[in-house]
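>>> make a model of this:
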Amino acid sequence: MTSSANLYFYNLPWRALPGALPEDEEIFVIGDVHGEADLLNAALSSIAAVTRSTNKRRLVFLGDLIDRGTSSIPAVNLAMAGRKHALADDLCILPGNHDLMLLDAMKDEGSLEHWLTNGGKSVLAELGLSHQKDAWPAIKDSVRTALHPDYLDQIANGPTYLHLGDLLFVHAGIDPHADRPTFLAQSRHHVRSDMHWATIRYPFLNWAEGWDDADQDPERCRQKPTVVVHGHTPSLREPLTDAGKLEICDGIDEYRAVDLDIGAGHRRQLAWAHFTTENGCSQMQIHAVVKPESAR
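Now for the predicted structure:
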């Protein structure tokens with residue numbers, strides 16, 4: 001553990017991955033942010049400080065930039081400028097269910113209550129608004145004005161998942177029983193089902209048979225190289241006080257999954273992971289930044 005400016009930094013040792021990464025690329029992936037702008041700023045600064053080891057450096061957000069925390073607007077601004085802050089060459093912001101609820105609310109007043117009851121009230125409070133005293137047009141205009149101008153467009157029109165080598169990045173997960181392309185092609189609007197790439201928990205979370213049964217290569221079926229990197233369901237439901245607690249994020253051996261949601265918005269802690277290739281072997285290291293109760 002290291003500390004700086006009332007923030008504590010933790011990381012696990014490097015560990016091997018079962019599959020491969022794109023050639024000459026390293027990938028940094030940030031879990032659910034939920035309005036924790038100061039933690040996100042620290043994470044991006046930490047990523048920028050990592051010595052570049054490849055020609056291409058990617059930065060990926062797994063979604064849920066907003067709600068619950070006290071700094072959703074600054075968090076969105078930081079994420080949208082993430083390529084600069086993390087010294088990355090490519091930026092991908094995947095939509096989470098909270099981002100999608102906001103997107104629906106900005107289009108349809110009938111969807112406003114759904115967003116507000118799931119964390120959106122913190123965004124209104126940040127802007128000095130209240131759904132009890134402010135009319136929907138005023139809320140809509142104020143939120144749109146405050147947000148980074150490209151954020152809603154990114155959530156509405158950007159990719160909803162990302163395949164890089166044998167890694168699949170998606171907000172909540174995938175249904176092991178469904179046709180994968182069909183499941184991942186579900187609309188991002190008016191998500192109300194728990195069987196959606198932005199909301200799924202089970203059977204995804206306890207699936208231990210891997211994700212390569214349909215592969216035409218029998219060796220890949222045996223090795224199960226695909227790993228799903230996701231957030232949405234907190235892997236850690238307690239304060240992070242030592243690096244060992246981060247091991248719960250690493251479900252590769254049993255579930256072929258990595259869960260980078262460690263409860264931001266409920267607790268001041270944020271996780272990210274670094275994927276790279278060293279001497280021909282792909283590997284991963286999980287990191288986290290924490291602002292303890294005593295430092296608030």
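>>> below-threshold pLDDT in the stretch 151-296 of the chain: ranges please.
Scanning the stretch 151-296 of the chain for pLDDT under 70 picks out 294-296.
>>> and the residue nearest the centre of the chain, how close does it get to residue 172?
Residue closest to the average C-alpha location in the chain (Cα atoms, centre = their mean): residue 62, at 2.3 Å. Plainly put, residue 62 is 9 Å away from residue 172 if you go by Cβ to Cβ, to the nearest Å. Every C-beta, even on glycine, is put in place using the N, C-alpha and C of the backbone.
>>> need the residues touching each of the two.
Common contacts of residue 62 and residue 172, defined by Cβ atoms under 8 Å, 6 or more residues apart in numbering, comprise 96, 230, 231, 232.
>>> if you rank those by neighbours, which is first?
Per-residue neighbour counts (other Cβ atoms under 10 Å) across the shared contacts of residue 62 and residue 172 peak at residue 230, which has 32 neighbours.
>>> which residues sit in contact with it?
So residue 230 contacts 62, 169, 170, 171, 172, 173, 257, 258, 259, 260, 261 (Cβ under 8 Å, 6+ apart).
>>> please name the bridge partners of the second one.
Partner residues in beta bridges with residue 169, using DSSP bridges, are residue 162, residue 229.
>>> show me the contacts for it.
29, 60, 62, 92, 94, 161, 162, 163, 229, 230.
>>> okay, strands next: where are they in this protein?
2-4, 7-11, 15-16, 25-30, 56-61, 90-93, 161-164, 167-170, 227-230, 250-251, 257-259, 269-278, 281-290 (DSSP state E).
>>> can you redo these as CSV with distance to residue 142?
Formatted as CSV, those follow (distance: least, Cβ to Cβ, whole Å):
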stretch, distance to residue 142
strand 2-4, 35
strand 7-11, 31
strand 15-16, 45
strand 25-30, 27
strand 56-61, 24
strand 90-93, 22
strand 161-164, 31
strand 167-170, 31
strand 227-230, 32
strand 250-251, 40
strand 257-259, 34
strand 269-278, 27
strand 281-290, 30
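>>> show me the helices in the protein, by range?
In the chain, the segments counted as helices under DSSP state H are 37-49, 72-80, 82-85, 97-107, 112-115, 121-126, 136-146, 151-157, 180-184, 218-223, 252-255.
>>> could you dump the ones you listed to JSON lines with mean neighbour count?
Formatted as JSON lines, the helices of the chain follow (neighbours: other Cβ atoms under 10 Å):
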{"stretch": "helix 37-49", "mean neighbour count": "20"}
{"stretch": "helix 72-80", "mean neighbour count": "23"}
{"stretch": "helix 82-85", "mean neighbour count": "18"}
{"stretch": "helix 97-107", "mean neighbour count": "23"}
{"stretch": "helix 112-115", "mean neighbour count": "18"}
{"stretch": "helix 121-126", "mean neighbour count": "19"}
{"stretch": "helix 136-146", "mean neighbour count": "14"}
{"stretch": "helix 151-157", "mean neighbour count": "17"}
{"stretch": "helix 180-184", "mean neighbour count": "14"}
{"stretch": "helix 218-223", "mean neighbour count": "12"}
{"stretch": "helix 252-255", "mean neighbour count": "14"}
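>>> right, and those - which one's nearest residue 21?
Across the helices of the chain, residue 21 has its closest neighbour in helix 252-255 (13.8 Å, Cβ to Cβ).
>>> name the nearest residue to residue 80, ignoring sequence neighbours.
Computed as Cβ to Cβ, 6 or more residues apart in numbering, the closest residue to residue 80 that is not its neighbour in sequence is residue 148, at 4.4 Å.
>>> I meant residue 183, not that one.
Take residue 183 and drop its neighbours on the chain: the residue closest to it by Cβ to Cβ, 6+ apart is residue 175, 5.2 Å away.
>>> okay but the one you found is in contact with residue 200, surely?
Yes: Residue 175 lies in contact with residue 200 (Cβ atoms under 8 Å); the separation is 6.2 Å.
>>> more neighbours: the two, which one.
A side-by-side neighbour count of residue 175 and residue 200, using other Cβ under 10 Å, places residue 200 first with 25 against 19.
>>> and the more buried one, how far from residue 51?
Distance of residue 200 to residue 51, computed by Cβ to Cβ: 37 Å.
>>> next: residue 141.
On the measure of Cβ to Cβ, residue 141 and residue 51 end up 45 Å apart.
>>> do the same with residue 75
26 Å.
>>> burial count for residue 189?
Look at residue 189: counted by other Cβ under 10 Å, it has 12 neighbours.
>>> how about it: what's its closest non-neighbour residue?
For residue 189, ignoring the flanking residues on the chain, the nearest one in space by Cβ to Cβ, 6+ apart is residue 104 at 6.2 Å.
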